[in-house]
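Participant: Need a 3D model of the following:
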Amino acid sequence: AGFRRGELIHNCFSYHFVPAGSMMETGAHALGCTVFPGGTGQTEQQVQAMAQLQPAGYIGTPSFLRIILEKAAELGVALPSVKKAMFGGEAFPPSLRDWFAEHGVTGYQCYATADLGLIAYETAAREGLVVDEGVIVEIVRPGTGDPVPPGEVGEVVVTTLNPDYPLIRFGTGDLSAVLSGT
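Facilitator: Residues are numbered from 1 along each chain as shown. Below is the predicted model of the structure:
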């Protein structure tokens, strides 16, 4: 998503009952970023915090950042520092990507689960997600475990050989397809 060492990131994933907030904070710290743990809810306070702290970017769901930016506009508060975002937890269609671009924010998406951590992420190519090198991803016919042909929609099944928490053919319940090419 373009985050760089020394930047402040506003993290609006939850830290309560789910690992998303902590997972993303850990990744940002690995890059050398400072993280403001905004969490979820309290939109006006999120706007105030962003206005005062001037974070370089946002981590969280795309719908919540849109709500924050719309509330800031309603309140007449400028948030010019928020230029980049890492989204997860929900769909990030091209129409929403374009909306953010019109509002000065370049957003990228990632795909992760509480059980597995990061599975895939988007790049500047904007041609689907790139599978993380630490996992094996299969797209299978739901209920059978049989692989589907490239381009056909099926369930995402992931294997991670993490020695601390190995998971073999973990069915996520999510649907996707394999794009041809690299």
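
Participant: just checking, residue 134 touches residue 160?
Facilitator: Yes - contact criterion Cβ atoms under 8 Å: residue 134 and residue 160 qualify, at 6.6 Å. The C-beta positions use only the backbone N, C-alpha and C, and glycine is treated the same way.

Participant: Neighbour count for the two, which is higher?
Facilitator: residue 160 (18 against 12; other Cβ atoms under 10 Å).

Participant: from memory the more buried one sits against residue 135, does it?
Facilitator: Yes - counting by Cβ under 8 Å, residue 160 does reach residue 135; the two are 5.0 Å apart.

Participant: Common neighbours of the two, please.
Facilitator: Residues touching both residue 160 and residue 135 by Cβ atoms under 8 Å, 6 or more residues apart in numbering: residue 116.

Participant: got any ranges where the protein has weak pLDDT?
Facilitator: 182 (pLDDT under 70).

Participant: mind checking the longest strand of it?
Facilitator: Taking DSSP state E as the criterion, the chain has its longest strand at strand 167-176.

Participant: Please name the strands paired to that strand in the sheet, noting orientation.
Facilitator: Here strand 167-176 has these sheet partners by DSSP bridges: strand 154-160 (antiparallel).
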